[in-house]
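**Q** The following block contains a protein sequence and its predicted model.
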Amino acid sequence: MTRWISFVSSEASAAASSVRSALADMVWAPQPPVPDGSDIGLIVFDRVSADVLDLVRGSSRGGVRILAVGTSPEAVEDIGPWPLLDAGAADVVVRMDDAGLADQVSARLTRWGEVEGLVHSSEVQDALAGRTLAWTSLLREIVEVARFSDASVLLIGESGTGKDVVARLIHELDARPIKDEFVTIDCRTFVGTHDGEDLAGHHPGTFEEANPPFFGDIGLETLGVRDAGTIFLDEVGNLPSSLRGSLLRNIEQRIRRPVGGTSWPTSNLRLICSTSEEPSGLGSETADDFWERITAWFRLPPLREHRDDIPTIAEHLLRRLRPDGEVIQLDPALDAFLESRDYPANVHDLLTLVRGISARHAGPGVVTVGSIPQDERFKLGMVDHSWQTQDLERAVRHAIDAGASLKTIGATARDAAVRIALSYEGGDVARAAKRLRATTRTIASRTGVDPEEADTGRSTSDVASIVEVPETALLGAGDPGEEPMQEP
């Protein structure tokens with residue numbers, strides 16, 4: 001990891017010289033031609049200009065953490081620090097005095113250096129393997145929250161995206177001086193008996209029922225959850241909202257009062273929750289505010305969204321399955337197969353495939369395509385993901401630079417897919433839906449066609465006009481003058 005500095009200001013100016021002097025005790029290198037993703041860069045500027053934004057944008061694309069430093073308050077007084085953050089800067093500080101600037105810069109460099117060291121440590125990489133920029137950026141966020149706070153965390157992701165692994169890693173990295181056990185509770189099997197009272201617990205004899213409490217003086221101990229431990233509520237959406245709110249309230253206030261008791265025991269629980277579905281209704285008056293009160297949210301992507309990491313994850317899984325000390329290296333052709341295959345259950349499916357590969361591989365040496373199980377080989381070449389190239393990233397980057405939101409980008413991509421599929425299928429909604437592996441109602445909803453009419457599979461000229469399909473596109477892949485192919 002290199003710490004480099006670049007000035008986009010007059011280095012001869014008094015302000016720039018003061019910045020240089022204030023940071024003189026820190027070791028800096030000049031900005032390299034191609035910064036490494038683990039680098040930390042300092043960009044000093046005297047005003048937010050197009051040149052400054054271009055440098056921040058270009059330097060941060062490889063994963064470099066950029067600290068933008070204004071030489072004076074006037075450096076950002078016109079438009080504020082937001083354009084710098086939008087361009088990719090991790091933070092923006094402004095020099096008020098030399099001593100204060102040195103302290104601010106030093107604190108951030110120390111924190112970022114520790115985070116970077118943890119991200120690339122065996123403790124983290126053995127749990128969450130992956131090398132892509134998007135994955136590394138996510139790990140940085142998770143590691144920072146885990147190590148430097150006791151914040152509540154919500155993990156959102158499909159089955160097999162590693163929510164339980166991330167939850168346990170957060171507990172392992174947690175730096176609380178007193179830290180008890182990590183306990184998982186599957187909320188799909190949870191049955192409460194006294195609504196919100198369960199979470200505070202109750203003293204024996206408070207209720208006539210024989211059922212023991214789930215939380216509190218007795219319940220926490222029964223479940224193995226101690227007051228300084230970490231509780232992981234898996235699929236927390238299945239927990240009654242009153243119980244969720246009661247638990248979070250007790251954790252936030254760090255106290256709980258068991259029903260029937262008079263004392264207020266202290267609590268230092270850390271709460272981690274998971275859900276496979278995005279919480280709905282956020283911001284509405286009737287929404288459950290439990291979700292909005294959780295401090296840190298992390299969305300764990302399915303494998304299809306970071307395919308470049310799949311070979312790395314597969315190698316990691318193979319090392320765990322193979323004899324100690326065996327060096328694992330995948331043949332490029334096997335890499336390509338692993339990246340092209342679909343994994344509906346994500347890592348669960350990948351692990352099943354890797355077990356089959358491990359059983360057939362006669363090591364040591366490179367793991368080759370001959371280790372692919374026989375029943376998997378027919379899938380070779382069936383799925384082409386070559387469209388996920390730099391061209392796609394370039395289009396998305398252009399949209400982001402233009403200020404488009406994630407919702408707008410997604411809607412635009414879906415509309416384009418529907419438009420193109422309909423052009424391929426001569427405006428036939430049913431066949432377009434089959435090509436896109438979607439329902440006819442989904443396609444119809446984006447075209448304005450009556451879903452009932454779409455379900456009949458009839459092709460209409462109205463469909464083509466609604467989605468703006470060029471006439472030439474409806475003629476198929478041949479010359480514009482050719483007649484469209486007739487369905488048998």
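**A** Arrived safely. Numbering: from 1, shown residues only.
**Q** With adjacent residues omitted, what lies nearest to Pro81?
**A** Val92 (3.8 Å; Cβ to Cβ, 6 or more residues apart in numbering). C-beta: built from backbone N, CA, C; applies to glycine.
**Q** Would you double-check that Ala68 falls in a helix?
**A** No: counting by DSSP: H, G, I helix; E, B strand; the rest coil, Ala68 is not part of a helix but strand.
**Q** Okay, it and Asp78: tell me how far apart.
**A** Counting by Cβ to Cβ, to the nearest Å, the gap from Ala68 to Asp78 is 15 Å.
**Q** quick one on the thing from earlier: report the beta-bridge partners for the residue nearest to Pro81.
**A** Assessed by DSSP bridges, Val92 has beta-bridge partners Ala68.
**Q** Contact partners for it?
**A** If you count contacts by Cβ atoms under 8 Å, 6 or more residues apart in numbering, Val92 has them with 67-70, 76, 81, 84-85.
**Q** Format those as JSON lines; extra columns: pLDDT, neighbour count and distance to Ile178.
**A** Shown next, in JSON lines, are the contacts of Val92 (pLDDT from 0 to 100; neighbours: other Cβ atoms under 10 Å; distance: Cβ to Cβ, whole Å):
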{"residue": "Leu67", "pLDDT": "94", "neighbour count": "21", "distance to Ile178": "34"}
{"residue": "Ala68", "pLDDT": "93", "neighbour count": "30", "distance to Ile178": "38"}
{"residue": "Val69", "pLDDT": "92", "neighbour count": "25", "distance to Ile178": "38"}
{"residue": "Gly70", "pLDDT": "90", "neighbour count": "26", "distance to Ile178": "41"}
{"residue": "Val76", "pLDDT": "89", "neighbour count": "20", "distance to Ile178": "42"}
{"residue": "Pro81", "pLDDT": "91", "neighbour count": "17", "distance to Ile178": "38"}
{"residue": "Leu84", "pLDDT": "95", "neighbour count": "25", "distance to Ile178": "40"}
{"residue": "Leu85", "pLDDT": "94", "neighbour count": "15", "distance to Ile178": "36"}
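**Q** Show me where this structure dips below the pLDDT cut-off.
**A** In the predicted model of the chain, residues 10-13, 190-227, 250-267, 281-288, 325, 378-390, 448-488 satisfy pLDDT under 70.
**Q** what about the strands in it?
**A** 3-8, 29-30, 40-45, 65-70, 91-94, 153-156, 182-186, 230-234, 270-275, 296-299, 328-330, 365-367 (DSSP state E).
**Q** List the strands paired with the third one, with their directions.
**A** Strand 40-45 has the following strand partners under DSSP bridges: strand 3-8 (parallel), strand 65-70 (parallel).
**Q** Dump those strands into TSV; add distance to Arg304 as well.
**A** Output for these, formatted as TSV (distance: least, Cβ to Cβ, whole Å):
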stretch	distance to Arg304
strand 3-8	36
strand 65-70	28
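**Q** Out of those strands, flag the one nearest Glu116.
**A** Taking Cβ to Cβ, strand 65-70 is the member of these nearest to Glu116, at 7.9 Å.
**Q** Show me how far that closest one is from its chain's centre.
**A** Distance of strand 65-70 from its chain centroid, counting by Cα atoms, centre = their mean, to the nearest Å, is 24 Å.
**Q** Touching it from outside, list them.
**A** The contact list for strand 65-70 (Cβ under 8 Å, 6+ apart) reads 19, 39-46, 52, 56, 59-60, 76, 81, 84, 88-95, 101, 105, 108-109, 112, 116.
**Q** Let's see the PyMOL selection covering just the buried ones among the residues you listed.
**A** Buried residues within the contacts of strand 65-70, by 16 or more other Cβ atoms under 10 Å, are selected in PyMOL with:
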select buried, resi 19+39+40+41+42+43+44+45+46+52+56+59+60+76+81+84+88+89+90+91+92+93+94+95+101+105+108+109+112+116
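**Q** ok, so what distance separates the closest residue to Ala129 other than its chain neighbours from Ile178?
**A** Leaving aside its chain neighbours, Ala129 sits nearest to His316 (3.8 Å; criterion: Cβ to Cβ, 6+ apart). Going from His316 to Ile178 by Cβ to Cβ gives 32 Å.
**Q** same deal with Leu406?
**A** Using Cβ to Cβ, we find Leu406 at a distance of 40 Å from Ile178.
**Q** go on, Thr2?
**A** Distance from Thr2 to Ile178, counting by Cβ to Cβ: 38 Å.
**Q** more neighbours, those two?
**A** More neighbours surround Thr2 than the other of Thr2 and Ile178, with 16 against 9 (other Cβ atoms under 10 Å).
**Q** Excluding chain neighbours, what is closest to that one?
**A** Spatial nearest neighbour of Thr2, excluding adjacent residues (Cβ to Cβ, 6+ apart): Asp39 at 4.8 Å.
**Q** give me phi/psi at the one you found?
**A** Main-chain torsions, Asp39, degrees, to the nearest 10: phi -70, psi 160.
**Q** Please report how far it lies from Val124.
**A** 19 Å.
**Q** hmm, back to that, show me the one of the strands paired with strand 40-45 that comes nearest Leu271.
**A** Nearest to Leu271, of these and by Cβ to Cβ, is strand 65-70 at 28.5 Å.
**Q** my guess is Arg446 contacts Ala413, does it?
**A** No: using Cβ atoms under 8 Å, Arg446 is not in contact with Ala413; the gap is 11.5 Å.
**Q** So for the two, which residue has more residues nearby?
**A** Taking other Cβ under 10 Å, Arg446 and Ala413 do not tie; Arg446 has more neighbours (18 against 14).
**Q** And the strands of the chain: which comes nearest Arg355?
**A** Among those, strand 365-367 comes nearest to Arg355, with 13.0 Å by Cβ to Cβ.
**Q** Quickly run through the sheet partners of that closest one, with directions.
**A** Counting by DSSP bridges, strand 365-367 is paired with strand 328-330 (parallel).
**Q** Distance from the chain centre to the partner strand, please.
**A** Averaging C-alpha positions (Cα atoms, centre = their mean) puts strand 328-330 27 Å from its chain's average.
**Q** repeat for stretch 355-363
**A** Offset of stretch 355-363 from its chain centre (Cα atoms, centre = their mean): 31 Å.
**Q** Flag every buried residue along it.
**A** Neighbour counts over stretch 355-363 (16+ other Cβ under 10 Å) mark 356-358, 361 as buried.
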